[in-house]
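Asks: Show me the folded form of this:
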Amino acid sequence: MSQSQVQSLPQDKFLRMSINLLYRAFQEATRTQAKQLYRQIEEGRVVGLSQVRMEDESVMRVDLSADCSEYRGKLNFGAFKASVQTLISNLAKAVEEERELRVFSAEGDPNMILFGCSAVTVEQQQANVMALGADLSSSAGVVRLQLMYLDPVQFEEQGNKAGSEA
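Replies: Model (predicted):
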């Protein structure tokens, strides 16, 4: 699905759809199903999540991948699921409150986006930050959601700067 097709779907509806799909995949699914999905995406695979029928009757396939390269510590299913739960909660709250989220795009590729709402979790005294991105570049009716860990150091530095300026 090209960006112009996704842009016809308002950001709040796209986020609601994404939240619902992630919720079904990790919260409503059995532990075995959720853990199997985690293993697949943690290994770098792209996994089909759902087929979504749009208002114009077209069908969009939603895939899921993960980028765990910036995770600090030893990643396991429990830590990943805690990050996803926190991210779902934070995104849902932002949508409910009708907050306008910043959307960042990759330099030189406006089809690669990152939503400006993250989830901070702490495992074994190490903070990690997860965010939701999306690849809208496919022209074949496919959107790929990407759960990604961001370098937590960049957030610590921002927090320290903000604290020193106060």
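
Asks: Can you list the buried residues in the longest helix that the chain contains?
Replies: Criterion DSSP state H: the longest helix present in the chain is helix 77-96. Within helix 77-96, the residues that count as buried by 16 or more other CB atoms under 10 Å are 77, 79-85, 87-88, 90-92, 94-95. To be clear about C-beta, it is placed using only N, CA and C from the backbone, and glycine gets the same treatment.

Asks: Next, count neighbours for residue 51.
Replies: A count of nearby residues for residue 51, using other CB atoms under 10 Å, gives 10.

Asks: that's a strand at it, yeah?
Replies: Yes - according to DSSP: H, G, I helix; E, B strand; the rest coil, residue 51 belongs to a strand.

Asks: pLDDT value on the most centrally placed residue in the chain, please?
Replies: Geometric centre of the chain, nearest residue: residue 132, 2.1 Å, by CA atoms, centre = their mean. Note for residue 132: predicted pLDDT of 97.

Asks: For it, give its distance to residue 67.
Replies: Residue 132 is 11 Å from residue 67, where distance means CB to CB, to the nearest Å.

Asks: Give me the common contacts of those two.
Replies: 146, 147, 148 (CB atoms under 8 Å, 6 or more residues apart in numbering).

Asks: Give me the buried subset of these.
Replies: Buried, going by 16+ other CB under 10 Å: 146, 147, 148, out of the shared contacts of residue 132 and residue 67.

Asks: Just the closest of the residues you listed to residue 116, please.
Replies: Comparing these against residue 116 with CB to CB places residue 148 closest, at 13.1 Å.

Asks: Now that closest one: closest residue in space that isn't a chain neighbour?
Replies: Leaving aside its chain neighbours, residue 148 sits nearest to residue 67 (4.0 Å; criterion: CB to CB, 6 or more residues apart in numbering).

Asks: Tell me how far that neighbour lies from residue 145.
Replies: 12 Å.
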